[in-house]
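Peer 1: When you get a sec, could you give me coordinates for this:
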Amino acid sequence: MHEPDKGLRVSLMERGVSRRDFLKFCSVMAATLALPATAVPRIARALESAKRPPVVWLEMQDCAGCTESFLRAYNPTVAQLVLDILSVNYHETIMTPSGKRAEKSLQDTVAEGGYITVVEGSIPTKDDGVYCCIGGRTALEILQDVGSKSLAVITVGACAFYGGWPATPPNPTEAKGVQDVLSGVPIINLPGCPMNVDNLTATVVHFLTFGQLPEVDQYARPLFAYGHRIHDNCERRGHFDAGEFVRAWGDDGHRQGWCLFQMGCKGPVAYQNCPTIRWNQGTSWPVGAGHGCIACAAPNFWERPAYQPLDMEELQLTPPATYPAVEEAQGMSLVTAGVVGAAVGVAAGVAGAVAVRKLTEEKS
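Peer 2: Residues are numbered from 1 along each chain as shown. This is a model prediction of the structure:
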């Protein structure tokens with residue numbers, strides 16, 4: 001492992017990462033953060049001189065799904081994440097030391113300060129938190145000690161966000177999310193089941209580039225990742241607007257890639273960037289693979305039936321586009337272009353109306 005005072009760019013060069021690949025990574029990060037291409041040089045300059053932030057990764061009541069997502073990082077690879085962008089000083093699953101030596105790594109990092117805490121899993125609070133203990137201390141005690149001394153806390157996954165499946169009624173351990181038991185320190189949530197590791201990387205890159213965490217929504221989720229509805233970026237949106245729905249698994253509509261709304265897809269009320277950054281090296285995502293969105297980044301999503309269609313009153317139907325940008329084309333006046341643009345906008349509105357009518361007919 002390289003010396004801690006080296007910048008990211010130097011350590012990448014030592015590992016054979018070319019300048020071209022480095023800039024490609026910066027471009028990917030800019031796109032993930034929804035920043036313009038002009039931000040790429042700033043990200044590159046910041047990362048070239050940035051010192052790796054020490055990271056403490058705490059696993060509480062969890063299934064290790066977010067760790068598995070972390071281990072499958074590809075852009076950059078997990079090796080680059082651990083060795084270059086992040087200095088993961090403590091992570092039970094992937095660190096070499098164990099037992100007392102592992103706990104010493106944690107204690108040394110906390111004593112030195114200046115670290116970021118990543119939390120995976122919910123925090124049991126019943127009976128003083130005895131239902132999850134690590135190294136002789138409860139998860140609740142560890143979080144309040146380690147988290148309170150952090151530069152910032154990043155929660156990964158639904159469980160650390162609001163309690164997840166351990167908090168689902170009857171919730172025998174009285175499991176809670178990090179923000180319910182910790183205060184006085186910046187907390188940013190990256191929910192999902194599991195979280196997408198690209199969003200974690202982008203959050204850290206934003207912190208290194210701008211010296212602060214990204215802007216968040218009312219749930220402390222970064223807007224770059226959770227600021228847009230899945231429904232509005234879904235490749236099946238056109239079928240929704242045309243009233244073309246899958247009615248049964250394996251039917252003709254399912255084989256043709258029609259909308260999964262009638263099969264319980266929660267895309268119209270879910271906010272996440274799954275359709276744009278995708279999973280498995282950007283190759284696919286649940287809806288693209290033929291399964292409806294279960295809104296796993298939303299609070300209490302485990303309590304919502306996965307295959308039950310949304311009620312009509314929950315829908316916020318908006319056309320995917322209203323009026324396109326008007327540009328004067330050869331042989332076409334601005335007036336004509338405006339008329340064409342209006343026609344496109346009307347057509348989009350009609351498509352939405354068709355979907356509503358077909359949905360209403362199906363409900364009646």
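Peer 1: Please make it C-alpha for all contacts and neighbour counts, starting now.
Peer 2: OK.
Peer 1: counting contacts, what elements does the host helix or strand of residue 100 pack onto?
Peer 2: Assigned by DSSP states H and E, residue 100 belongs to helix 99-112. Applying 3 or more CA pairs under 8 Å, 6 or more residues apart in numbering; DSSP states H and E, we find helix 99-112 packed against strand 54-59, strand 87-91.
Peer 1: how about the longest one as PDB, C-alpha atoms only?
Peer 2: Just to be clear, that refers to strand 54-59. Coordinates of each C-alpha in strand 54-59 appear next as PDB, following Å, rounded to 0.1, in the frame of the first residue of the first chain:
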ATOM      1  CA  PRO A  54      -9.200   7.300   5.500                       C
ATOM      2  CA  VAL A  55     -12.400   5.300   5.600                       C
ATOM      3  CA  VAL A  56     -14.000   3.200   8.400                       C
ATOM      4  CA  TRP A  57     -16.600   0.800   7.000                       C
ATOM      5  CA  LEU A  58     -18.900  -0.500   9.800                       C
ATOM      6  CA  GLU A  59     -21.100  -3.500   9.200                       C
END
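Peer 1: Check which residues of it are buried.
Peer 2: Judged by neighbour count using 16 or more other CA atoms under 10 Å, the buried positions of strand 54-59 are 54, 55, 56, 57, 58, 59.
Peer 1: Residue 84: which of the residues you listed is nearest?
Peer 2: The closest of the buried residues of strand 54-59 to residue 84 turns out to be residue 54 (CA to CA; 10.7 Å).
Peer 1: and the spatially closest residue to residue 199 that is not a sequence neighbour, what element?
Peer 2: In this structure, residue 199 finds its nearest non-sequential neighbour in residue 225, 6.7 Å apart by CA to CA, 6 or more residues apart in numbering. Counting by DSSP H and E, the element that carries residue 225 is helix 223-226.
Peer 1: contact partners of that helix?
Peer 2: Contact with helix 223-226 is made by 32, 33, 34, 199, 214, 215, 216, 217, 271, 272, 273, as judged by CA atoms under 8 Å, 6 or more residues apart in numbering.
Peer 1: quick one: average pLDDT of the next helix or strand after it?
Peer 2: Moving toward the C-terminus from helix 223-226, the next helix or strand (DSSP H and E) is helix 230-233. Mean pLDDT, helix 230-233: 93.
Peer 1: Just the CA atoms of helix 230-233, as CSV, please.
Peer 2: Provided in CSV are the C-alpha atoms of helix 230-233 (Å, rounded to 0.1, in the frame of the first residue of the first chain):
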residue,chain,number,x,y,z
ILE,A,230,-37.0,6.1,-12.6
HIS,A,231,-40.1,6.3,-14.7
ASP,A,232,-38.9,9.3,-16.6
ASN,A,233,-35.6,7.6,-17.7
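Peer 1: contacting residues around it?
Peer 2: 237, 267, 268, 269, 270, 271, 272, 273, 274, 275, 276, 320.
Peer 1: hmm, back to that, do you know which of the helices and strands packed on helix 99-112 lies nearest residue 164?
Peer 2: Short answer: strand 54-59, nearest of the helices and strands packed on helix 99-112 by CA to CA, at 13.8 Å.
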